[in-house]
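Asker: A structural model of the following input is requested.
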Amino acid sequence: MKIESLHLGMQVRHPQYGLGIVRSITPTAAEIEFTDATRSVAPEPAGLEPAEARAHVSGLALPLKDLIAETAAATVQALGLERPESVNAQLGVRWHKGKLVLHPSDPTLQTKEVPLETFFHKVVMVRNNLRVLEQKLNAHEALSDADKVEMQQYITRSYGSLTTFNVLFKDKEDQF
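Answerer: Residues are numbered from 1 along each chain as shown. Coordinates of the predicted model:
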C-alpha cells in the first residue's frame with residue numbers, strides 16, 4: 001500500500017501487528033496505533049493493507065438496515081431490474097390445496113404427489129428468472145444486437161413452452 005493512499009483515522013491491517021488506526025503521516029512512514037502500541041510503519045515494505053471497508057454516517061434519522069434496504073431498492077429500480085421474488089403471482093382459487101399427481105407407466109413404481117402450491121411456486125420462479133435473464137441480456141454491453149436477438153429468441157421459446165401452466169394463474173396479467 002502506498003503512503004499516498006493513507007489518511008488520518010483510516011483503519012489498516014498489518015501482517016504482524018493486526019488492526020490499527022493511522023494517527024499521523026510523514027512522507028515515508030505513518031504512525032499507526034495498534035492494540036498493544038503505537039508504531040511507525042513504512043506502508044509499502046510492511047505489507048500494510050486497508051482494513052475492511054466501513055461507512056460512517058452522522059445525523060442518520062433512521063436505522064441502518066432501513067437505509068440499506070431503501071438504497072438497495074432504489075438501485076434495483078434505477079437499473080430497471082426486478083427481484084425474482086418481487087412479483088407475487090397468485091394461484092387460481094380452484095387449485096388451492098390441490099395436488100399434482102405423477103403416475104409412472106410401471107404400476108409397481110410409487111406415485112409421486114406434489115402440492116400444487118409448491119409446483120406453482122416453482123413455475124413462477126422459472127418465469128421470474130426468465131424475466132431477469134431477459135433484462136440482463138438486453139442491458140449487456142458486450143453482446144452485439146444480433147447476439148441479443150438470437151438469445152432473446154430462446155427466451156421467447158421458453159415462455160411459449162411454459163404457456164401450458166397459464167391455467168394455474170389467478171390473474172391473466174401474471175401468465176406467460
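
Asker: starting at the chain centroid, how far to the longest strand anywhere in the chain?
Answerer: Criterion DSSP state E: the longest strand present in the chain is strand 18-25. Centre-to-centre, strand 18-25 and its host chain are 33 Å apart (Cα atoms, centre = their mean, to the nearest Å).

Asker: list the buried ones in it?
Answerer: Gly20, Val22, Ile25 (16 or more other Cβ atoms under 10 Å). Every C-beta, even on glycine, is put in place using the N, C-alpha and C of the backbone.

Asker: Give the full set of residues in contact with the first one.
Answerer: This means Gly20. Contact analysis of Gly20 by Cβ atoms under 8 Å, 6 or more residues apart in numbering lists Gln11, Val12, Arg13, His14, Ile32, Glu33, Phe34, Thr35, Arg39.

Asker: rerun that using 7 Å as the cut-off
Answerer: Applying Cβ atoms under 7 Å, 6 or more residues apart in numbering to Gly20 gives the contacts Val12, His14, Ile32, Glu33, Phe34.

Asker: of all the residues you listed, which two lie farthest apart?
Answerer: By the measure Cβ to Cβ, His14 and Glu33 form the most distant pair in the contacts of Gly20, at 11.3 Å.

Asker: Tell me which helix or strand comes right after the least confident helix or strand in the chain by mean pLDDT.
Answerer: Across the helices and strands of the chain, mean confidence by mean pLDDT, DSSP states H and E is lowest for helix 64-79: a mean of 81. Counting by DSSP states H and E, the element after helix 64-79 in chain order, helix or strand, is strand 99-102.

Asker: Okay, domains of this protein per the record?
Answerer: 6-50, 82-163 (automatic domain parsing).

Asker: Check what pLDDT Lys148 gets.
Answerer: In this prediction, Lys148 carries a pLDDT score of 90.

Asker: and the residue nearest to Ala46 when sequence neighbours are not counted, how many neighbours?
Answerer: Closest residue to Ala46 apart from its sequence neighbours, by Cβ to Cβ, 6 or more residues apart in numbering: His14 at 6.2 Å. Using other Cβ atoms under 10 Å, His14 has 18 other residues around it.

Asker: I'd assumed Pro45 was in contact with His14.
Answerer: No - counting by Cβ atoms under 7 Å, Pro45 is not a contact partner of His14; they are 11.5 Å apart.

Asker: Give me the distance from the least confident helix or strand of the chain to the chain's centre.
Answerer: The chain centre lies 12 Å from the centre of helix 64-79; the measure is Cα atoms, centre = their mean.

Asker: Could I have the CA atoms of it written out in PDB?
Answerer: The C-alpha coordinates for helix 64-79 follow below in PDB (Å, rounded to 0.1, in the frame of the first residue of the first chain):
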ATOM      1  CA  LEU A  64     -29.000   1.500   9.200                       C
ATOM      2  CA  LYS A  65     -30.900  -1.600   8.000                       C
ATOM      3  CA  ASP A  66     -33.700   0.600   6.700                       C
ATOM      4  CA  LEU A  67     -31.200   2.900   4.900                       C
ATOM      5  CA  ILE A  68     -29.600  -0.200   3.300                       C
ATOM      6  CA  ALA A  69     -32.900  -1.600   2.200                       C
ATOM      7  CA  GLU A  70     -34.000   1.700   0.700                       C
ATOM      8  CA  THR A  71     -30.700   2.100  -1.100                       C
ATOM      9  CA  ALA A  72     -30.900  -1.400  -2.500                       C
ATOM     10  CA  ALA A  73     -34.500  -0.900  -3.600                       C
ATOM     11  CA  ALA A  74     -33.600   2.400  -5.300                       C
ATOM     12  CA  THR A  75     -30.600   0.800  -7.100                       C
ATOM     13  CA  VAL A  76     -32.800  -2.100  -8.300                       C
ATOM     14  CA  GLN A  77     -35.300   0.300  -9.600                       C
ATOM     15  CA  ALA A  78     -32.700   2.600 -11.200                       C
ATOM     16  CA  LEU A  79     -31.200  -0.300 -13.100                       C
END
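
Asker: That's all I had, so thanks and see you.
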